[in-house]
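Engineer: here is a sequence together with a model predicted from it:
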4 protein chains.
Amino acid sequence: MIIMSVTATKQQVDSVIKELDKCGLDAVTTTSTNRAVVFPVGDESHTDLSHLLSFPGVKEVMVVEAPYRLINRELHERLGWHLDYKVRVRDLEFGGSKPIYIAGPCAVESKFQILRTARAVKAAGASVLRGGVFKPRTSVHAFQGLGNTGEAEEALFWLRVAGDDTGMSVVSEVRGESNVNLVAKYADILQIGSRNMYNQDLLTRVAKTGKPILLKRHFGASIEEFLSLAEYIAAQGNINIILCERGVVPVGKGKSFTRYLLDIGAVPVIQKETFLPVIVDPSHAAGRRDLIKSFSYAAIAAGASGLMIESCPSPAEARVDGQQQITPDELKDLIITCNGISQDVREV
Amino acid sequence: MIIMSVTATKQQVDSVIKELDKCGLDAVTTTSTNRAVVFPVGDESHTDLSHLLSFPGVKEVMVVEAPYRLINRELHERLGWHLDYKVRVRDLEFGGSKPIYIAGPCAVESKFQILRTARAVKAAGASVLRGGVFKPRTSVHAFQGLGNTGEAEEALFWLRVAGDDTGMSVVSEVRGESNVNLVAKYADILQIGSRNMYNQDLLTRVAKTGKPILLKRHFGASIEEFLSLAEYIAAQGNINIILCERGVVPVGKGKSFTRYLLDIGAVPVIQKETFLPVIVDPSHAAGRRDLIKSFSYAAIAAGASGLMIESCPSPAEARVDGQQQITPDELKDLIITCNGISQDVREV
Amino acid sequence: MIIMSVTATKQQVDSVIKELDKCGLDAVTTTSTNRAVVFPVGDESHTDLSHLLSFPGVKEVMVVEAPYRLINRELHERLGWHLDYKVRVRDLEFGGSKPIYIAGPCAVESKFQILRTARAVKAAGASVLRGGVFKPRTSVHAFQGLGNTGEAEEALFWLRVAGDDTGMSVVSEVRGESNVNLVAKYADILQIGSRNMYNQDLLTRVAKTGKPILLKRHFGASIEEFLSLAEYIAAQGNINIILCERGVVPVGKGKSFTRYLLDIGAVPVIQKETFLPVIVDPSHAAGRRDLIKSFSYAAIAAGASGLMIESCPSPAEARVDGQQQITPDELKDLIITCNGISQDVREV
Amino acid sequence: MIIMSVTATKQQVDSVIKELDKCGLDAVTTTSTNRAVVFPVGDESHTDLSHLLSFPGVKEVMVVEAPYRLINRELHERLGWHLDYKVRVRDLEFGGSKPIYIAGPCAVESKFQILRTARAVKAAGASVLRGGVFKPRTSVHAFQGLGNTGEAEEALFWLRVAGDDTGMSVVSEVRGESNVNLVAKYADILQIGSRNMYNQDLLTRVAKTGKPILLKRHFGASIEEFLSLAEYIAAQGNINIILCERGVVPVGKGKSFTRYLLDIGAVPVIQKETFLPVIVDPSHAAGRRDLIKSFSYAAIAAGASGLMIESCPSPAEARVDGQQQITPDELKDLIITCNGISQDVREV
């Protein structure tokens, strides 16, 4: 980490970046404070950067060991940055004082379905509309969204219209590098699903769009791995990252009764380790409708900045994950209680 | 499961039990309703019990497949039992409308320590005093409580006195079969620690005391295993069982930042699967003081019937687990917020 | 699965494929026997295909439930196919009577390094040369191969030259969709690393090259998931798939002493579930040089069709994973013993 | 660790032990070399033992950090002990140059069954007879051996007779503290099952019998935990410990196709970490007959000192685990191949 002096010129910063390039390293420059700081990106284990100290404008060269540095709370607090960081999506702030509710169907299935659902979840208190078009699935023989049927752009267009119609922002999943541009054309937030968390080329690619990224934790990943992969996005100079806990693989032999095991501790841990907002997806964690409430209450009580909930007016008709979707009426009650819990917790 | 008719006599019940004994099966008889029901205990997979239908007083012979039957909510709801079951410990009710707070040091270390701590946690809002005398530890070279130093009875006596002095009930851990009588002499609730969850001979032995049992989930056990082992206690005719979620082994490679991973979903799942109360131990799950609050809030929001929290006035001086203990002042604030969350959640 | 009659014409097969397309399904046609069989690919759960029975040339319509069908041994044995399936790479056969040894450095680092290593591992008994150019890494700050430094094509070219120089086939990893064409230009086998196992868009993309694919199991994946993802490759009509077990995340709290836990049982299980060859990577599983031998012996004893071992003349100088690389001398001894074990096991 | 001088007297050793006792520590004294060494047992973290240096006869006071010290290979090699340690059971040596095969039924079911099975497995090449009388089971409603039916002593007597009749040693499981004396009366080796690995009071109790102990790893335990718990046995001065790997909980979502996941790496790791022999139980790991061979071959190839295999003439009739038992004929072939692999591996 190269900390420039307050009076360093742009040329001086550039010559540091040029020198890093000679050493085979990329660079991310932050100017969120009164001085520039250059973060080398890449393998610096074999490179001694201390000679940069003699470059004009360089105040300090700091060695950082953590696998995530650009999103590291402790590091930034030491420098006085991002003490109150928020990810802004249109008029919304993830990480602010109020939880944000993302809701909608698992997959966009038709124009009627998404428009109807958008109005219903908006009325229930949601402010971001979700809807998958490119769905990653373990089995090639399972429904993978309209993205696989040649109706991808049409589905994304409907989603956008539904968002605009209701004044909601829109989030949709990117499944492969070739989907990025198309999804980015219509969605406000690009989602990286659990199965793609380790897909560093995709992370790099979506980061370059500059759009906010909703990154889900892989169901087998430790928190350290999760944050290390989020760093790939930040390494492109994009820290509009919303982290999402969605459950990990259950423990032990025998039945666990839920689809995944919600790691509620990930919420406060990530808040201590990074300055990024963290939300929870109770729907995929529970995998069953009757537990969505408990999981949501727990998430907000643990301090989550928001929830991502599958909801549609007719869960029984959904082509994917109908068993874990709740109705907009249930969503409404849930949001009211969650807002109450949020106040209890924040008042402390 | 043999359901007797309303008019069946004790003799008729006895002859059913006798017949089960001939088949190599034990029996538990419930009389919590207007008719007796006899549950066979043991391996009935090779035994056809349908001939019992011809015994006088027998109304129905029902085959139940679940590995836990005596504590099974669905089964009991079908029979109209235990719809509102509570475990009573003196004047307290686990499973009632208010969360119960168990607090105290990890281990009883001295008379002064336990008396002082008891008063402090009582003032903070706790109603059960915890204090380990026989501590299971992974390493034989770690401190295992005063139970291993020949001061076991003295330590238990102090714990009892501290409970009586403050009007609190007392819970302490039983580590082996030879500890049972001694701990049962002083404690109101017998705790079976995580490492002993699979120790069926110990479960059978403590169950026979008739005392309420606080059974902790093993950190590698599925929920199904947890409930199957709880059934060993019920199989002795003792359903005064309080189940405790205390975190499972973290997932993935790399750091998880907490001692264990709190399985918050276990709370509502167990409440749906059994009629038994379930509490949460945030201290062992988090393993660090600064996360106890979030974990506790999440537990209560998920519907836990209580919390078991390590607390003492001087955590820094504790011989075991000091890093995860909170002060009585912190406990007090925590309890106030938890009570608020509990109301939010129950009002729904 | 639509089984055509022996006399069915190409036109009749085409009209079946056309009908599947109308139902939103892709198709893979196998002609490995005297009759064509059409496998639908995609979500057929909501589609009744029984009307295809009335199409001319259709003999049978069979519903298959398993998430992997195209690579399913039981299914193919029932049809008399692939009883002795082998993946051919130039003059080599994976799945034949002799184990195949893949060896080389973790990453291609220089022309000299790869040429020198190729000769050494060839002399030791290896017949396929490995060398990573695009390395997936958990940390963006770790060395990711020459692929990230702008020398990708040069590195692949060296690897190819080293293979040709020694008469060895060449395998190299594809990390993202944009790498596929470049790697396919130089390598005989395209490797998909552990972190990309769930990356279905990449699997689909590499499958289309028609080249043999070496698919590594994700370290958190069940065997069923592993095979379900391999099916994505087969769904493109490419069954030149070599499966590779490379260790899963260790169990429990505390030290495991190896980088990953080698799931040796995966070898015979995969051989019973599919007709595809399965090899083992002891280097990444063990993560330490002194255990490579034991892990390799166990793999061959369990029936593996080959091993993939990191080896180079100067492990201490390697930029990645030096601690788990063995020297060509050690490799030679290892191969001799493995060949002996292989004979012992096959003679039975 | 207190190393005495070569000329130290018994009185001098005793006064060291006395001093440790004053510090609240137990002691184990080894005299396997020309000088005595006293190992403190218990929590010495708060105790400075350096003053012992001034005691007459004390040569060195060494602080050891590992949670297992008494069974630690590195430590003992430094002192020149146990370089070639073997556990002797009658005329057998676990840890010697030849693998030892333990075989027999899962549970003793009748006199005829155990006598017949003993002769058959002896003829197949086994030299130790297994047979459970006290079976730990997850469900109280599963068959738990004749130990629970009042025929415990009879069953153990039959087992003993079958062993004597065939010249085999006998191993049987101890499930609770109250079983120890009875099993020790008849068996040569006392087995602690997977579910009891964390049961430290039971470990302490069986260790005191002085008999060889076969300790199985818990299916959720790390290797470090496994060895830490084995240290409880050594802490009683009993290092006749045979460690047994029997599979851990499978990884990931979806089917794994085996009952447990065999951690083959545990074999060489434990051999590097301790001087104790380690064997493998392929039967419980695989849980299915058709994989026992592969698992056994892998175990011997990895260097295991023996195998523990469930075998009986009529697996289909077994009351427990019939699906994983092989016939004596299959056992015979298996042993021949294993002996061949063992030679291949040891010749190196």
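Structural biologist: Cool, the structure landed.
Engineer: how far away is the residue of the stretch 101-250 of chain A found nearest chain D from A:Ala286?
Structural biologist: Among all residues of the stretch 101-250 of chain A, A:Val249 sits closest to chain D, at 5.7 Å; criterion: C-beta to the nearest C-beta. Backbone N, C-alpha and C define where each C-beta goes, glycine included. From A:Val249 across to A:Ala286, the span is 14 Å (C-beta to C-beta, to the nearest Å).
Engineer: next: A:Ala142.
Structural biologist: A:Ala142 sits at a distance of 20 Å from A:Ala286 (criterion: C-beta to C-beta).
Engineer: ditto for A:Gln113
Structural biologist: 23 Å.
Engineer: how about A:Gly210?
Structural biologist: Between A:Gly210 and A:Ala286 the computed distance is 34 Å (C-beta to C-beta).
Engineer: the strands in the stretch 51-200 of chain A, which residues?
Structural biologist: Secondary structure of the stretch 51-200 of chain A (DSSP state E, counting those that start in this stretch): strands at A:58-61, A:87-89, A:92-94, A:100-104, A:128-130, A:169-174, A:189-192.
Engineer: oh, that last question was meant for the stretch 201-348 of chain A, not what I typed.
Structural biologist: Going by DSSP E, counting those that start in this stretch, the stretch 201-348 of chain A shows strands at A:213-216, A:241-245, A:278-280, A:306-310.
Engineer: can you put those in TSV and add distance to A:Ile292, mean neighbour count and mean pLDDT?
Structural biologist: What follows is these, written out as TSV (distance: least, C-beta to C-beta, whole Å; neighbours: other C-beta atoms under 10 Å in any protein chain shown; pLDDT from 0 to 100):
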stretch	distance to A:Ile292	mean neighbour count	mean pLDDT
strand A:213-216	17	26	98
strand A:241-245	15	27	98
strand A:278-280	11	28	98
strand A:306-310	7	28	98
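Engineer: adding distance to D:Asp329, write the ones you listed out as CSV.
Structural biologist: Shown next, in CSV, are these (distance: least, C-beta to C-beta, whole Å):
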stretch, distance to D:Asp329
strand A:213-216, 53
strand A:241-245, 54
strand A:278-280, 57
strand A:306-310, 56
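Engineer: tell me the contacts of the residue nearest the centre of chain A?
Structural biologist: The C-alpha lying nearest the average C-alpha coordinate of chain A belongs to A:Leu214 (C-alpha atoms, centre = their mean; 2.3 Å). Contacts for A:Leu214 (C-beta atoms under 8 Å, 6 or more residues apart in numbering or on different chains) come out as A:Val171, A:Ile189, A:Leu190, A:Gln191, A:Ile192, A:Ile242, A:Cys244, A:Ile279, A:Met308.
Engineer: tell me the one of these nearest chain B?
Structural biologist: Among these, A:Ile279 lies closest to chain B (C-beta to the nearest C-beta), at 14.6 Å.
Engineer: beta-bridge partners for that closest one, please?
Structural biologist: Under DSSP bridges, the beta-bridge partners of A:Ile279 are A:Cys244.
Engineer: and the gap between A:Glu310 and chain D?
Structural biologist: A:Glu310 sits 19 Å away from chain D, going by C-beta to the nearest C-beta, to the nearest Å.
Engineer: partner residues bridging that residue?
Structural biologist: A:Gly104.
Engineer: where does the stretch 51-200 of chain A come near chain D, residue by residue?
Structural biologist: Contact residues (C-beta under 8 Å from any C-beta of the partner chain) of the stretch 51-200 of chain A with chain D: A:Thr138.
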